[in-house]
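> A structural model of the following input is requested.
(chains A and B)
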Amino acid sequence: MHEWSLAEAVISTVIEASKGEGLEEITKIKVKIGELQQVDTEIFKFALDEIAKDQGTSLLRTMKIEIRTEKAIFRCRVCKNEWTFDDLFDIDEDKLEAIHFAPEVAHVYVRCPLCKSPDFEVVQGRGVLIDSIKGIGTGKETKGR
Amino acid sequence: MGMVIDPRLNIIDKRLYSIKRLIGVSGGKGGVGKSLIATVLALTLSRLGYHVGLLDLDLSAPSAHVILGIESVYPKEEKGIVPPVVHGIEFMSIVYFTGDGPAPFRGIDISNAMLELLAITRWGSLDFLIVDMPPGIGDAMMDVIRWMKRVEFLIVTTPSKVALETVKKVIKLLTELKFPIIGVIENMKIRESSLVKDELKKVAVPILGEIGFDMKIEDSIGDVNKLLESCFAVEMREIVLKSPEFKLQLK
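Predicted structure coming up:
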């Protein structure tokens, strides 16, 4: 599952960030999933838990994971029209799967509904991002990055 | 939202960890033969007994799959994506996801797609990962330098002042940034000329060899066995075997 590699990237980043911030215990992370990538939230959450457990470190023992999905919004660079992921209803499964692996290939399969241009930007909701990392440092609770 | 962290950046080193050497095949202008050299280099090293991967990072104009003659091959999804083994090499390309449709990517899209590919591709234990780079100094070059810190470069030029002009800039930049350059290959040589040698005297980069203009190469595109028997591939193999820069330990 592709969700595993993204989850692995999240855990690895959290561990790395904790070193930079001097955190001894991560209490909570907030992860944002962009709608465009169509990450399976349950698999992703499961993968995050499993990979965190596998690290065998007390750093992640009490870590809570909050996941929220961000709506995908596209904006045409040519006519400034904005549209959402729901407007892509006529895209078939294979194309959606390709977008799942590399969201940029949306530029191959998606056109501005108004002017048909492929020159659009994904304003929000592209992929997986870490919103915040909270943890306990040397004796005090710090709001991580 | 300056606090938001992109988790993909952190996993790249781990994804590339099992690869001994990363070689970016770069050059000046388009059309000097980077993709052919990258692909034949990968095949040659593989035939010499090495574990080799080939990554096509020319996202707007991928073509290694055409040279390899790949059809209906897709990566496997397994805690990431595992590149299929094609003609003995692990091969990864955006083409698995774009099909034969045009990919009108802006620079930011190129960076994002590259980052995604680097973050999710699970390579095996490789002796070499050959990276087919897009022409010149652009987003892909800057990103490879940033994200594949151990990369070494093989530079391709033709005996033309037009190609050489950009090649010199690429070499200057890589030298300034202290990235190792394995050497330069002079491709499509049609007559004796010391242009490349003379021009590159000023920079401390070895010329590994020259490859003659192969009139018949087009007939071998897409047919790997035929390709490896071509004059082009034979000359390429000689260059690989005689250049200490590849540090081969023949098996």
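> C-alpha only now, for contacts and for neighbours.
Fine.
> can you list the low-confidence ranges for chain A?
Scanning chain A with the threshold set as pLDDT under 70 gives A:1, A:138-145.
> any idea how far the residue nearest the centre of it lies from B:Ile155?
Taking C-alpha atoms, centre = their mean, the centroid of chain A lies closest to A:Val128, which sits 1.3 Å from it. A:Val128 sits 35 Å away from B:Ile155, taking C-alpha to C-alpha, to the nearest Å as the criterion.
> please apply the same query to A:Phe120.
34 Å.
> circling back to that earlier point, isn't the residue nearest to the centre of chain A right next to A:Gly34, touching?
Yes - at 5.9 Å, A:Val128 counts as touching A:Gly34 under the criterion of C-alpha atoms under 8 Å.
> how about the residues of the stretch 1-150 of chain B near chain A?
For the stretch 1-150 of chain B, the contact set with chain A under C-alpha under 8 Å from any C-alpha of the partner chain comprises B:3-11, B:77-81, B:96-98, B:101-105, B:109-110, B:112-113, B:116-117, B:119-120.
> which ones among those residues map onto strands?
Taking DSSP state E as the definition of strands, the residues of the stretch 1-150 of chain B next to chain A contribute B:77, B:81.
> among the residues of the stretch 1-150 of chain B next to chain A, name the buried ones.
B:5, B:7-11, B:77, B:79-81, B:96-98, B:103-105, B:109-110, B:112-113, B:116-117, B:119-120 (16 or more other C-alpha atoms under 10 Å in any protein chain shown).
> surely A:His100 is in a strand?
No - in this structure, A:His100 is helix, not part of a strand, as judged by DSSP: H, G, I helix; E, B strand; the rest coil.
> ok, it - how many residues close by?
Neighbour count of A:His100, defined by other C-alpha atoms under 10 Å in any protein chain shown: 22.
> quick check: next helix or strand after the lengthiest helix in chain A?
In chain A, taking DSSP state H as the definition, the longest helix is helix A:2-21. Next helix or strand after helix A:2-21 toward the C-terminus (DSSP states H and E): strand A:25-34.
> centre of the chain to that following strand, how far?
Put simply, strand A:25-34 sits 10 Å off its chain's centre (C-alpha atoms, centre = their mean, to the nearest Å).
> show me what from chain A comes close to chain B.
Where chain A comes near chain B, counting by C-alpha under 8 Å from any C-alpha, the residues are A:1-6, A:8-10, A:12-13, A:16, A:95, A:98-99, A:101-105, A:107-108, A:118-119, A:128-132, A:145.
> which of these are buried, as a ChimeraX select command?
Here is the ChimeraX selection string for the buried members of the residues of chain A next to chain B, based on 16+ other C-alpha under 10 Å:
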select /A:2,3,4,5,6,8,9,10,12,13,95,98,99,101,102,103,104,105,107,108,118,119,128,129,130,131,132,145
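> which secondary structure elements does the longest helix of chain A sit against?
Packing contacts for helix A:2-21, counted by 3 or more C-alpha pairs under 8 Å, 6 or more residues apart in numbering or on different chains; DSSP states H and E, involve helix A:41-54, strand A:128-136, helix B:8-15, helix B:107-120.
> dump these to TSV, plus distance to B:Ser220.
Below are the helices and strands packed on helix A:2-21 laid out as TSV (distance: least, C-alpha to C-alpha, whole Å):
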stretch	distance to B:Ser220
helix A:41-54	44
strand A:128-136	42
helix B:8-15	33
helix B:107-120	29
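> tell me who's in contact with A:His107.
A:118-120, B:103-105 (C-alpha atoms under 8 Å, 6 or more residues apart in numbering or on different chains).
> of all those residues, which two lie farthest apart?
By the measure C-alpha to C-alpha, A:Phe120 and B:Ala103 form the most distant pair in the contacts of A:His107, at 12.3 Å.
> and A:Lys80, helix, strand or coil?
Assignment for A:Lys80 (three-state DSSP): coil.
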